[in-house]
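Enquirer: what's the 3D shape of this:
(2 chains)
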Amino acid sequence: MSILKLDKAMIRFGGLVAVNEVSFELNKGDLFGLIGPNGAGKTTCFNLITGVYKPTSGQILFNGTDITGTPSNKIAKLGICRTFQNIRLFKALSVLENVVVGGFLRHKTGLFSALAYLPNSIHETDKLKADAMELLRVVNLDHVAHVRSADLSYGMQRRLEIARAMATQPELLLLDEPAAGMNPQEKEELLLMVKKIRDEHGMTVLLIEHDMRFVMGLCERIVVLDHGEEIAQGPPSAIRNDPKVIAAYLGEAV
Amino acid sequence: MKFWPIRILSIIGAVLGCFLFEGIAHHQSDYTQRLIILAGLYVTLAVSLNLINGITGQFSIGHAAFYQVGAYLGGYLSVNYFKSMHLPPLVWLLVIMVAGAAAAAFAGLIVGLPSLRLRGDYLAIVTLGFGEIIRIKIQNTPALGGSYGLNVEPKIQSIAIVWLLAILCIAVCRNLLKTANGLPFLAVREDEVASSAMGVNVTRIKVSAFLLGSAFAGAAGALLASYEGFITPATFAMDVSFIILTMVVLGGTGSITGSVVSAIFLSYLPEYLRGLKDSSGEPLTLTGGSVVASLIAVITVVAVIRWIYTDGSRNKSTRIGMTLGAIVGGFVVQAVIAAILNHNGKLHNSILVAAVVAVVTVAFLIRSIYASRATSKTWQTGLKGLGALLGGLAVAAVLNTVLTHLFNLNDGKVEVGQLRMVIFAITLIVLMLLRPQGVFAHHEFSWTWVSKLFKGRKGATA
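Expert: Numbering: from 1, shown residues only, chains lettered A, B, ... in the order given. All right, here's what the predicted structure looks like:
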């Protein structure tokens, strides 16, 4: 059954059509790649799915319900969470607190009991912190739990962003260039981690990535965008030899 | 868990403590009591603004407007309904406090709405404008006394209630930060897009912050009205908003402890300076010489403290010790220089100008020597210290020329009371230069923090 379906999604910024009638479909448990040259509209696609932008036309379906134009905080509650291309952590907060913010959407205690510091709010806070600590162990950041997140190294910040998104317990996880700026060894670890997220936590993963080896080694299906249009779709082996894709990346033969 | 017994005991303890405090303060002069009440109100205002500005990151500079809404509603209710309600004064105080809080919260809601679309400077302009609209509207409402002001009957003075409100405000903000419910507020401050992507309802968080913050300001306003017995729109002019904002920034944006400490400090400082007396009981006067000497001393001490803290090889307790030493040394320097400068009875600008020129020349000379040869570490720090000292002297001389013209120091003496706002401003400047992130930065008071302070940190080379 399809978990996410883009149906001719289109967005126009003034005269620029950033994403032009793109359609693709993700099945539950997919490791799905979204690639394309710079400016192809990949991140805009993410912004459409997560409700940062409202599509000019077209439809986005999540688990069969129409989520076109739903505000992003509601989309996160429905079960789609993302990371950002340019890391957007809550810099002044500690690593643990960042993850707790991710888990907060399942938090039930009202503001009033928190302001009165009633026992249920204390218990729920402790529980959220314990859950967050558990997640930090998964991404191997538990030893820096109380460090300010801005003080982490780049690779660690990327992993923290993934942990923060996972804390919302999404069905669908969107990763925007998770391997950018990582060294080969870190990429290898990330690859295993993303596989583990799918296999052990049962999340569907859609990721944008520039590193071809990373994408080809990880994803089972790939969509290629160029100038906002979808130019190819299929398994890595087919994408690798698609003449349109090669032309988009390397240019036409003269 | 014995939660409720502890909670009830602590509330009873706070109430008893405040009334006991009032009992003690009652024997003080009216003036002292006034200072205590104003400090309590400013603590409430600063901590509640900190919730909006520091914790949620919504740059609001219209806090006096909420204060004013609470004050006028409280005052109006007292004038018109107190006699017919037959309530004991303290209960009545609580009633108008709640009413003032509700009215201010409603105003906060209205201001909170533009904050959904505006950020930073733009929001600041809107809140500032909103504050002025409220003030001018009240100024033109005859039922509220217009610009002549409103006579509030009866006057009810209660140090205990004022401080209980302050404690409540502190407790609420502290509880918010202690539980997970506070994190979305901080997250909105850090990054709105990311918090929204994590499922945080940004709208709701911002509006809650404005509602809570303005409600406390409104309650404080109601208390002010019934304490003063007379309020005018001028009581809530723009500068009140700025003073509150200064308290928040000076204490460290986001730190409750910082807001409390700087609210007490800043509401007390101008009054302290006003009342300075010399040993014979006369208002303390200064000659030109001692003003200049004080400036030199202050600037030198600041330079020395900076040096103590930039050199990373000391642990915290040594640093604190050295800082205290520097401050004591500052007093000695002040006394010595003042004695020298006052020797003649008068201070001549010409001598000072010559001194400045000499100092600058010497400083440049030393600088060129310093730059031309490889110097040892001790030499460098020594030179830096000397440079700071001479630079301080030069700055003091320049300031002196300005001050002598402003206050006719050359002719004789000046009362410190007249200079108090200048000293106030200089204190602010010096504090902000020393610690741009605020005195407490983002830290909060805790006993572990105190114990860490005295344990010192591990040596950098270890």
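Enquirer: Where does the prediction get shaky in chain A?
Expert: Judged against pLDDT under 70, the low-scoring parts of chain A cover residues A:253-254.
Enquirer: what residues does it put near chain B?
Expert: Residues of chain A lying close to chain B (C-beta under 8 Å from any C-beta of the partner chain) are A:50, A:52, A:71-73, A:76-77, A:81-82, A:84, A:88-93, A:97, A:100-102, A:104-105, A:107, A:109, A:111, A:114-117, A:119, A:121-122, A:124-125, A:128-129, A:164-165, A:167-168. For the C-beta atoms, the positions are set from N, CA and C on the backbone; glycine is no exception.
Enquirer: out of these, which are buried?
Expert: When neighbours are counted using 16 or more other C-beta atoms under 10 Å in any protein chain shown, the residues of chain A next to chain B contain these buried positions: A:50, A:52, A:71-73, A:76-77, A:81-82, A:84, A:88-90, A:92-93, A:97, A:100-102, A:104-105, A:107, A:109, A:111, A:114-115, A:117, A:121-122, A:124-125, A:128-129, A:164-165, A:167-168.
Enquirer: quick one, phi psi at residue A:107?
Expert: Residue A:107 has phi and psi values of phi -80, psi 130 when expressed as degrees, to the nearest 10.
Enquirer: List the contacts of it.
Expert: Residue A:107 makes contact with A:124, A:128, B:180-181, according to C-beta atoms under 8 Å, 6 or more residues apart in numbering or on different chains.
Enquirer: Closest to residue B:232 out of these?
Expert: Distance from residue B:232 was checked for each of the contacts of residue A:107 by C-beta to C-beta. The minimum falls on residue B:181, at 39.1 Å.
Enquirer: Can you tell me the closest non-neighbouring residue to the closest residue to chain B within the stretch 151-254 of chain A?
Expert: Scanning the stretch 151-254 of chain A for proximity to chain B using C-beta to the nearest C-beta identifies residue A:168 as nearest, at 5.7 Å. What sits nearest to residue A:168 in space, not counting adjacent residues and going by C-beta to C-beta, 6 or more residues apart in numbering or on different chains, is residue A:81, at 4.4 Å.
Enquirer: next one: residue A:201
Expert: With sequence-adjacent residues excluded and distances taken as C-beta to C-beta, 6+ apart, residue A:201 is closest to residue A:166, at 7.0 Å.
Enquirer: Hmm, the one you found is touching residue A:203, no?
Expert: Yes. With contacts counted by C-beta atoms under 8 Å, residue A:166 reaches residue A:203, the gap being 7.4 Å.
Enquirer: Show me the common contact partners of those two, please.
Expert: Both residue A:166 and residue A:203 are contacted by A:173, A:197, under the criterion C-beta under 8 Å, 6+ apart.
Enquirer: List the contacts of residue B:212.
Expert: Contacts here follow C-beta under 8 Å, 6+ apart; on that basis residue B:212 touches A:115, B:48, B:51, B:105, B:172.
Enquirer: element containing the fourth one, please.
Expert: Going back to what we said before, that points to residue B:105. Counting by DSSP states H and E, the element that carries residue B:105 is helix B:89-112.
Enquirer: Just the buried positions in that helix, please.
Expert: By neighbour count on 16+ other C-beta under 10 Å, the buried set for helix B:89-112 is B:92-97, B:99-105, B:107-108, B:111-112.
Enquirer: For it, C-alpha coordinates in CSV please.
Expert: The C-alpha atoms that make up helix B:89-112 are tabulated as CSV, following Å, rounded to 0.1, in the frame of the first residue of the first chain:
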residue,chain,number,x,y,z
PRO,B,89,-8.7,45.3,51.8
LEU,B,90,-6.3,42.4,51.2
VAL,B,91,-9.0,40.3,49.5
TRP,B,92,-9.9,43.3,47.4
LEU,B,93,-6.3,43.6,46.4
LEU,B,94,-6.3,40.0,45.2
VAL,B,95,-9.6,40.7,43.3
ILE,B,96,-8.2,43.7,41.4
MET,B,97,-4.9,41.8,40.8
VAL,B,98,-6.8,39.1,39.0
ALA,B,99,-8.9,41.6,37.1
GLY,B,100,-5.8,43.5,36.0
ALA,B,101,-4.1,40.3,35.0
ALA,B,102,-7.1,39.3,32.9
ALA,B,103,-7.4,42.7,31.1
ALA,B,104,-3.6,42.8,30.4
ALA,B,105,-3.7,39.2,29.2
PHE,B,106,-6.4,40.2,26.7
ALA,B,107,-4.2,43.1,25.6
GLY,B,108,-1.3,40.6,25.4
LEU,B,109,-3.4,38.4,23.1
ILE,B,110,-4.0,41.3,20.7
VAL,B,111,-0.3,42.1,20.6
GLY,B,112,0.6,38.4,20.4
